[in-house]
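Engineer: mind looking at a prediction? Sequence and model below.
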There are 2 protein chains.
Amino acid sequence: MSQRLVVIGGDAAGMATASQVRRMRPDVEIVALEMGSRTSYAACGIPYHVAGMVPDVENLVARTPEEFRSRQNIDVRLRSEVTGIDVAGGSVEVRDLDAGTTYTLGYDDLCIGTGAKAVRPPIPGIDADWVHIVKTLDDSVALLARASDADVHRVVVVGGGYIGLEMAEAFVAWGAEVTVVDGANQVMSTLDPDMAELVRDAMVGHGINVHLGAGVVGFEDHKVVLADGELAADVVVLGMGVVPNTALAADAGITLGHRRAIAVDARQATSAANIWAAGDCATSRHILTGEDIHVALGTVANRQARVAGVNIAGGDATFGGVVGTAITRVCTTEIARTGLSEAECAAAGLEFVVGKVESRTRAHYYPGSSPMTVKVLAAPGTGRLLGCQIVGGEGAGKRIDTMATAITAGFGVRDMVDLDLAYAPPFSPVWDPVVLASRQAIRHI
Amino acid sequence: MSQRLVVIGGDAAGMATASQVRRMRPDVEIVALEMGSRTSYAACGIPYHVAGMVPDVENLVARTPEEFRSRQNIDVRLRSEVTGIDVAGGSVEVRDLDAGTTYTLGYDDLCIGTGAKAVRPPIPGIDADWVHIVKTLDDSVALLARASDADVHRVVVVGGGYIGLEMAEAFVAWGAEVTVVDGANQVMSTLDPDMAELVRDAMVGHGINVHLGAGVVGFEDHKVVLADGELAADVVVLGMGVVPNTALAADAGITLGHRRAIAVDARQATSAANIWAAGDCATSRHILTGEDIHVALGTVANRQARVAGVNIAGGDATFGGVVGTAITRVCTTEIARTGLSEAECAAAGLEFVVGKVESRTRAHYYPGSSPMTVKVLAAPGTGRLLGCQIVGGEGAGKRIDTMATAITAGFGVRDMVDLDLAYAPPFSPVWDPVVLASRQAIRHI
């Protein structure tokens, strides 16, 4: 029975674990150690703060350290860096960054929620002050200052993934000339090439330049040097992905898994006794492949933290895994996916058939009805749903939840045709586009 | 093997059946008999035409008789009323309304798609020319003429259901002073009273007067006489529900079921050999209760028609049933439901617990984020999902599809907490409101 829980990391995973334990166990001492000066902030809100849509960066803070202390009796210690974990001794080494002192703190249970860090490859010039990463709220403040600067005209976003697209939208909102560059031959590497092509077309339609197939080789003198030329840039934003922040865990001998994320079991337990991990630093089990993967998303962090918290508090919970659901938007174009892409099916040795339709978000005669394309992947023979990708106008994206639920249920494309989904002209065509795509797939199974 | 299919009714159910048969059987003769002068029109689009949002009433026609004839070789006969079915002889009696002649038409298979008709109780004065029903596109044209008439100021809508709310919105859009009256003590009788109260509050917020608990006893001299007073009205719109249009089937000795809808099995077969029925005139099996009910919705009509068509064409399909999904909107307030309400649970002898939350459509800091309330009903003990109701701002309603899918899959509230749903600030809070409501229900099971 835990008497003291120590949490490393004061963001979603760490603080949600702490909160869950507190709900079930008013008696346990809970200490949360955060290297920075904020808790529980919504990093996914940064692009909208930079776009000028969120008045104050503090709006992105879900709960302040003071709220955790006063309402939940959680001893939040800011500017406190954990420099080592003594697995055998059951303690962590903590450096108080302001005082410059170091102390040892014992734990009965330890939860690692150290998150992920932005990829920043060793490209010459990448440390220039006009090259920004997108990670903390301080980054957000700095980016908003640049975005709103009347002297900033040309922006280059490196990376055509979720963050890249969202930051492109943010700068477009300020009227900047934005170019997204990516070394790959498509944006959104988590989509199939044909669906990514729709995204690229939409980006161009929204006035965003897209430069593919040429990696960045350097940043110099307000120019981004590419393998095939160069682009002038007042500001560069890096959206090159994230990697799990697990050096601390690795140094302590805790087993790492996929992409060097901390390997956890379904109860969020690590290889070390009484040490748990959750969120962007930990692995997740994929429901369709049974493989452990690395997913850095706030939803997964919160779900895993709930599980870790229940177990630390003496209960018994297991994480149900992921099906690879994600959603984003670039200007008015919504992009969502769940399950496996064609490449992921191939990697998992799964054969698939495809159903793909262009339909509408609303009844065709209803004002604001816009095109949406749905692609469904299904197993030949059984018709079992393997994946879905959506690109379309307002209202298109969240339909992915229906498919994520259906995939989790093990539904096949024939089950989709029989689903009692909601229809009224402002919301959908009579046959929802996800059903139409499934019907299309039936012809090939 | 069918050589001639006769379809009665040229709207969704009839024409979708005909189309499905044609796709599978190019050889069969198909005759579609329609009493009116249009095919396949979207009656659910009428409120938006009346609101002035759809430029031409013909936009609501999905496919014209000419298109059915030329593209699908379907012999569509308009202004052709079927006056009798000879079950033993395998023929129908058809009256050509223009020529005034009558003829007999033999069939190998017959599909009845006679739909439903608007309820028009024998209230004194209900036939006055300022009292309108909402059923055909001619009604729509007449209603638009009244809505856009500068002399029409005061509108009374009788009935606080789907059509009532949608017509209220349509007249509000033209600046009319609209009062919705209903003899019941709540609007939206398919919702629980507490959720219906949210709808009523929203209607009042949108400037709609709501007068409950007083039935209409008469219409006279541009006044609606209620049990407790009277309301002046330039126009009255009746939205008092629909009943299956099944006199023809009953006269032929075909078995009727719930609410006098034509009783059909899972293959859409009626009690008579080679006679099928689909859509608003037929029953539907409820997945949760196993009972046959009557559902008059375009989605169900299309799904049943597909099944009837496959079976008529010699294939084998079964209708998966309904879970009671429906959606509507009044101004910017979205309303959706699936599964069973509290009253329906009680009627089915099912115990339930409730989870209810007020959350947001988007991240709290995201512009346009608006409140949404989700109520989940679940079985005590197992936690199996029994129903869900949603009332909220833009983006709230279509979330019902996630719950309809989960209910169909037999999921419990604990499964909801584990679902990998999509999150990004423009689309949802980190925990989707449907998950939050399910979590709330877990505390009571």
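Structural biologist: Structure's in. What do you need?
Engineer: burial count for residue A:27?
Structural biologist: 8 (other CB atoms under 10 Å in any protein chain shown). Glycine gets a C-beta too; all of them are placed from N, C-alpha and C.
Engineer: and it, its phi and psi?
Structural biologist: The phi and psi values for residue A:27, taken as degrees, to the nearest 10, are phi -90, psi -20.
Engineer: for it, give its distance to chain B.
Structural biologist: Between residue A:27 and chain B the computed distance is 21 Å (CB to the nearest CB, to the nearest Å).
Engineer: then residue A:292?
Structural biologist: For residue A:292 relative to chain B (CB to the nearest CB), the value is 15 Å.
Engineer: same check on residue A:343?
Structural biologist: From residue A:343 to chain B the distance is 19 Å (CB to the nearest CB).
Engineer: same question, residue A:307
Structural biologist: Distance of residue A:307 to chain B, given as CB to the nearest CB: 9 Å.
Engineer: what do you get for residue A:356?
Structural biologist: Distance of residue A:356 to chain B, given as CB to the nearest CB: 19 Å.
Engineer: I'd say that residue and residue A:376 touch.
Structural biologist: Yes - using CB atoms under 8 Å, residue A:356 makes contact with residue A:376 at a distance of 7.3 Å.
Engineer: out of these two, which sits in the busier spot?
Structural biologist: Neighbours were counted for residue A:356 and for residue A:376 using other CB under 10 Å; residue A:376 has more, 30 against 17.
Engineer: and the more buried one, backbone torsions?
Structural biologist: Dihedral angles (degrees, to the nearest 10) for residue A:376: phi -120, psi 130.
Engineer: what's the answer for residue A:259, then?
Structural biologist: Note on residue A:259: backbone dihedrals following degrees, to the nearest 10 are phi 50, psi 30.
Engineer: now it. Nearest residue, chain neighbours left out?
Structural biologist: Distance criterion CB to CB, 6 or more residues apart in numbering or on different chains; nearest residue to residue A:259, sequence neighbours excluded, is residue A:294 at 4.2 Å.
Engineer: pretty sure that neighbour contacts residue A:281?
Structural biologist: No - judged on CB under 8 Å, residue A:294 makes no contact with residue A:281 at a distance of 9.1 Å.
Engineer: near chain B, which residues of the stretch 201-350 of chain A show up?
Structural biologist: Counting by CB under 8 Å from any CB of the partner chain, the residues of the stretch 201-350 of chain A close to chain B are A:287, A:297-300, A:302-303, A:306, A:319-329, A:334, A:336, A:338.
Engineer: how about the helices in the stretch 151-300 of chain A?
Structural biologist: A:162-173, A:193-205, A:247-251, A:298-312 (DSSP state H, counting those that start in this stretch).
Engineer: find the closest residue to chain B in the stretch 151-300 of chain A.
Structural biologist: Residue nearest to chain B within the stretch 151-300 of chain A: residue A:299 (4.5 Å; CB to the nearest CB).
Engineer: how many other residues sit next to that residue?
Structural biologist: By other CB under 10 Å, the residues close to residue A:299 number 26.
Engineer: report the contact partners of it.
Structural biologist: A:325, B:420, B:421, B:422, B:423, B:430, B:431 (CB atoms under 8 Å, 6 or more residues apart in numbering or on different chains).
Engineer: kindly report the same for residue A:399.
Structural biologist: Residues near residue A:399 by CB under 8 Å, 6+ apart: A:336, A:374, A:390, A:432, A:433, A:434, B:398, B:401.
Engineer: between these, which sits nearest residue A:47?
Structural biologist: Residue A:47 lies nearest to residue A:336 out of the contacts of residue A:399, by CB to CB, at 16.5 Å.
Engineer: give me the three-state assignment for that closest one.
Structural biologist: strand (DSSP: H, G, I helix; E, B strand; the rest coil).
Engineer: report the outermost residue of chain A with respect to its centre.
Structural biologist: residue A:365 (35.8 Å; CA atoms, centre = their mean).
Engineer: in this structure that one contacts residue B:59, no?
Structural biologist: Yes - judged on CB under 8 Å, residue A:365 makes contact with residue B:59 at a distance of 4.1 Å.
Engineer: any shared contact partners between the two?
Structural biologist: Common neighbours of residue A:365 and residue B:59 (criterion: CB under 8 Å, 6+ apart): residue B:45.
Engineer: where does residue A:123 land in three-state SS?
Structural biologist: Criterion first, three-state DSSP; result for residue A:123: coil.
Engineer: who are the contact partners of it?
Structural biologist: Listed by CB under 8 Å, 6+ apart, the contact set of residue A:123 reads A:216, A:217, A:218, A:219.
Engineer: torsion angles phi and psi at it?
Structural biologist: Main-chain torsions, residue A:123, degrees, to the nearest 10: phi -90, psi 130.
Engineer: how close does it sit to residue A:212?
Structural biologist: Going from residue A:123 to residue A:212 by CB to CB, to the nearest Å gives 18 Å.
Engineer: host element of residue A:117?
Structural biologist: Taking DSSP states H and E as the definition, one finds residue A:117 inside strand A:116-118.
Engineer: now residue A:388: phi and psi?
Structural biologist: Dihedral angles (degrees, to the nearest 10) for residue A:388: phi -150, psi 140.
Engineer: ok, now residue A:148?
Structural biologist: Backbone torsions for residue A:148, taken as degrees, to the nearest 10, come to phi -90, psi 0.
Engineer: let me see the contact set for the residue nearest the centre of chain A.
Structural biologist: In chain A, the residue lying closest to the centroid (CA atoms, centre = their mean) is residue A:297, at 3.1 Å. Residues in contact with residue A:297 (CB under 8 Å, 6+ apart) are A:280, A:326, B:423.
Engineer: of those - the most surrounded one?
Structural biologist: Busiest of the contacts of residue A:297 [other CB under 10 Å] is residue A:280, holding 28 neighbours.
Engineer: let me see the contact set for that residue.
Structural biologist: Counted by CB under 8 Å, 6+ apart, residue A:280 has contacts A:13, A:115, A:116, A:242, A:244, A:245, A:296, A:297, A:301.
Engineer: any idea how many residues pack against the second one?
Structural biologist: What it means is residue A:115. For residue A:115, the neighbour count with other CB under 10 Å is 25.
Engineer: returning to that earlier point: quick check: neighbours shared by residue A:356 and residue A:376?
Structural biologist: In contact with both residue A:356 and residue A:376: A:437, A:440, using CB under 8 Å, 6+ apart.
Engineer: dump stretch A:435-445 to CSV, restricted to CA.
Structural biologist: Provided in CSV are the C-alpha atoms of stretch A:435-445 (Å, rounded to 0.1, in the frame of the first residue of the first chain):
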residue,chain,number,x,y,z
VAL,A,435,-21.1,4.1,-44.5
LEU,A,436,-20.7,4.9,-48.2
ALA,A,437,-17.0,4.1,-48.1
SER,A,438,-17.7,0.9,-46.3
ARG,A,439,-20.3,-0.1,-48.9
GLN,A,440,-17.6,0.6,-51.5
ALA,A,441,-15.2,-1.7,-49.8
ILE,A,442,-17.8,-4.5,-49.7
ARG,A,443,-17.5,-4.8,-53.5
HIS,A,444,-13.9,-5.9,-53.1
ILE,A,445,-14.0,-8.3,-50.2
